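In: Predicted model and sequence follow; I will ask about them next.
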Amino acid sequence: MKNIKVRYFAAYREETGIGSETVNTGAGTPAALFAECATRHAGLQSYSAALVAINDEMSDWNTALCEGDEVLFFPPVAGG
Amino acid sequence: MKNIKVRYFAAYREETGIGSETVNTGAGTPAALFAECATRHAGLQSYSAALVAINDEMSDWNTALCEGDEVLFFPPVAGG
Amino acid sequence: MNRFEITAQAIDPDVFRQRLLDPACGAYVQFDGWVRNHNEGQRVLRLEYEVYEPLAVKEGQGIIDEAIERFGVNNACCVHRSGLLEITDLAVVVAVSSPHRDAAFQACRYIIDETKARLPIWKKEHYENGEAEWVNCKHHGPGSSTIPQANL
Amino acid sequence: MNRFEITAQAIDPDVFRQRLLDPACGAYVQFDGWVRNHNEGQRVLRLEYEVYEPLAVKEGQGIIDEAIERFGVNNACCVHRSGLLEITDLAVVVAVSSPHRDAAFQACRYIIDETKARLPIWKKEHYENGEAEWVNCKHHGPGSSTIPQANL
């Protein structure tokens, strides 16, 4: 089990009703972590173009998580 | 034989030393007229991208000339 | 001044050409993104940009560097707004200077395309009917997810 | 104001976006052509545009109309200088506004490309070595002529 800080942005912040939370989790990847979070936050949607960052670096949904990581869940971006 | 006003622009004006002239010619097309003018103006060059206009309309080198036409010889353009 | 910036203030579109002016350049291309009064058939009243700035600035700078390297242009910059914007407000400016126009057009296009696709910036549209939606979040569902399914 | 103009005065690049501003448009692209300090390896000191204005204006307006029609943009305009220009002076501006950026980029590119290729405008470059040449007139000869050979 690891302690991971999770941050939610834009639609994700509104769907969960929170900006961030710290979780103690057995999830090994952002994908597993997201699925776990979705069981606790009924509104959390899985968008096809969602992105993830770990410790302020754009990341992959299958990267291995480490103790103390900060995981940023980004719903589909729309700059410009 | 037709009376045709010929105008020279940019490099053509410098090569011929004149801006315009009126010629009495048997040339039936701008191409023939240009060749005739080149026999009188030794410096007049045949550039690959030269253009021609008749009476302020862009034209074709093989258009039939009419009495009183004004023919504009344009060396290769370079706007922008 | 940095080549990529996020700002909460109105963007002045007239400062960029002077900043990128270069006697070796014959071409300058500027893209301005304006807030449009409609999207997908809905009347838009205003919009709101949420930006995660630390990562947006880092990724944005990377996009500019890629464009300069890939297209060989002399200089490029981009400024993107955050916060609340009204119709016809300026949301983003991309500017590029280059000896020749082909590279300037391509680099400018690259920077705006990548900016829209890669930066952690989200746009919420406020509609005439009183509703508001996050752009790109309307269509979803289990079938369209690219987040890999994983066992917990 | 006409959509295509020739001017002997300095062009102000900052007036175009306001003229083309449209609440239905999300994209504005502007191309500025600057006088560059070099061409084909030669140091350029200044240049001179000769324009045959009656036909340049007519053809220029035609190019703008084609671009609006072909790419479906909302508005476009172009101003081109005549006379003597110094390095970094503005030779030409093309501006386009459109609901979407793809059409705006394409229309802007089309207008500058056609302007360079079709309008009766000639550029004379003055070089560091004291010489001056009409651009595009350096390479010629009987073999490269496209003026058809004709019998008199």
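Out: Ah, there it is.
In: and the end-to-end length of stretch C:86-95?
Out: 22 Å (C-alpha to C-alpha, to the nearest Å).
In: and chain A, which residues reach chain C?
Out: By C-beta under 8 Å from any C-beta of the partner chain, the part of chain A that sits against chain C consists of A:9-11, A:14, A:26-29, A:31-32, A:34-36, A:45-51, A:53, A:56-58, A:61-62, A:72, A:74-80. Heads up, the C-betas are built off the backbone N, CA and C, glycines and all.
In: Derive a PyMOL selection command for the buried subset of those.
Out: This is how PyMOL selects the buried members of the residues of chain A next to chain C, with burial counted by 16 or more other C-beta atoms under 10 Å in any protein chain shown:
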select buried, chain A and resi 9+10+11+14+27+28+29+31+32+34+35+36+45+46+47+49+50+51+53+58+61+72+74+75+76+77+78+79+80
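In: Check chain A for its longest helix and report it.
Out: As assigned by DSSP state H, the longest helix anywhere in chain A is helix A:30-40.
In: could you point out which element follows that helix?
Out: strand A:51-54 (DSSP states H and E).
In: so what secondary structure elements neighbour that next one?
Out: Using 3 or more C-beta pairs under 8 Å, 6 or more residues apart in numbering or on different chains; DSSP states H and E, the elements in contact with strand A:51-54 are helix A:30-40, strand A:70-74.
In: Just the mean pLDDT for the last one, thanks.
Out: The one in question is strand A:70-74. For strand A:70-74, the mean pLDDT works out to 98.
In: and if you look at stretch C:10-22?
Out: pLDDT averaged over stretch C:10-22 gives 97.
In: Need the contact partners of that stretch.
Out: Stretch C:10-22 is contacted by residues C:1, C:28, C:30, C:32, C:74-77, C:79, C:81, C:89-90, C:92-93, C:95-97, D:13-14, D:17, D:32, D:34, D:88 when judged by C-beta atoms under 8 Å, 6 or more residues apart in numbering or on different chains.
In: In helices, which of these appear?
Out: D:R17.
In: and the contacts of stretch C:10-22, which are buried?
Out: C:28, C:30, C:32, C:74-77, C:79, C:81, C:89-90, C:92-93, C:95-97, D:13, D:17, D:32, D:34.
In: List the residues that contact the residue at minimal distance from the centre of chain A.
Out: Taking C-alpha atoms, centre = their mean, the centroid of chain A lies closest to A:F73, which sits 3.6 Å from it. Residues counted as contacts of A:F73 (C-beta under 8 Å, 6+ apart) are A:V6, A:R7, A:Y8, A:F9, A:Y12, A:P30, A:F34, A:C37, A:A50, A:V52.
In: any low-confidence regions in chain A?
Out: Applying pLDDT under 70 to chain A flags no residue at all.
In: Write out the residues of chain C neighbouring chain D.
Out: So chain C meets chain D at C:13-14, C:17, C:21-38, C:87-88, C:97, C:99, C:101, C:104-105, C:108-109, C:112 (C-beta under 8 Å from any C-beta).
In: What of chain A?
Out: So chain A meets chain D at A:G80 (C-beta under 8 Å from any C-beta).
In: Which part of chain A gets nearest to chain B, residue-wise?
Out: Across chain A, the shortest distance to chain B (C-beta to the nearest C-beta) belongs to A:G80, at 28.2 Å.
In: now swap in chain C and tell me
Out: C:R101 (8.0 Å).
In: Not counting its neighbours along the chain, what's nearest that residue?
Out: C:A27 (3.9 Å; C-beta to C-beta, 6 or more residues apart in numbering or on different chains).
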